[in-house]
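Q: what's the 3D shape of this:
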Amino acid sequence: MELDGLVEVYHIKLKRMDMVNDYTIDEVLSHPKLSDEFKIKFFEELFGSELDEESVEHAFKVWRGSSIPSANVRRIVYNDESKEMVIQFQDKSIYTYFEVPFQTFLNVSGGEATCVTEGENEFGSWFVGKNPSVGSAVWKYLRDSNIKYKRGGTLK
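A: Next comes the predicted model:
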């Protein structure tokens, strides 16, 4: 997630705090070993102003998404507050999925599934065993999980 170049500053601050790995902002917010006080202090340093716990918790609750390198999926957006995920497929059809956990969004957008079919279209090809596979992840985490959805929606 990049917000006006804050990612670079954010990584530098994490390194100064002797955190071994690079973490996303979402991982810092949800990290079980980091206290709320640490998170508030971290974001105060990052933004250069005092924040309360609610401000930190809601600081990045926005629509997020991007184009996806997939033969079947064109774009995915996710809303942290409503837990809605909107997917535009390569055929330009749009579907909105409801009550989607954030981890499911990460799994789908990251293609955390292995392809069980093969084929090709003008956007690419896929084969049995391909991993990661965004198209397969849509089936595994959304369609096979019986998450409610409707045809249509808006890509913000």
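Q: how about the helices in the protein?
A: 6-16, 25-30, 36-47, 53-58, 102-109, 134-138 (DSSP state H).
Q: how many neighbours does the residue nearest to Glu99 when sequence neighbours are not counted have?
A: Distances taken as CB to CB, 6 or more residues apart in numbering place Lys83 nearest to Glu99, at 5.3 Å, with adjacent residues excluded. (Glycine included, C-beta is placed from N, CA and C.) Number of residues near Lys83 (other CB atoms under 10 Å) recorded here: 15.
Q: same question, the one 4 residues further on
A: Counted with other CB under 10 Å, the burial measure for Ile87 works out to 26 neighbours.
Q: just Tyr78 next, same as before
A: 22.
Q: now Phe89
A: By the criterion of other CB under 10 Å, Phe89 has 16 neighbours.
Q: what sits against the residue nearest to Glu99?
A: When contacts are counted by CB atoms under 8 Å, 6 or more residues apart in numbering, Lys83 touches 98-102.
Q: Among those, which ones are in strands?
A: Applying DSSP state E to the contacts of Lys83, no entry is found in strands.
Q: Out of those residues, which is nearest to Val134?
A: Lowest distance from Val134 to the contacts of Lys83 (CB to CB) belongs to Val100, with 14.7 Å.
Q: Please name the nearest non-neighbouring residue to the closest one.
A: Nearest one to Val100, counting by CB to CB, 6+ apart, is Met85 at 4.4 Å.
Q: and what of Tyr149?
A: Take Tyr149 and drop its neighbours on the chain: the residue closest to it by CB to CB, 6+ apart is Tyr97, 4.5 Å away.
Q: before we move on, back to that, would you single out the least confident of the helices of the chain?
A: Lowest mean pLDDT of these: helix 6-16, a mean of 45.
Q: Which pLDDT value belongs to Ile87?
A: So, for Ile87, pLDDT stands at 93.
Q: isn't it right next to Thr104, touching?
A: No: under the criterion of CB atoms under 8 Å, Ile87 is not in contact with Thr104, lying 11.9 Å apart.
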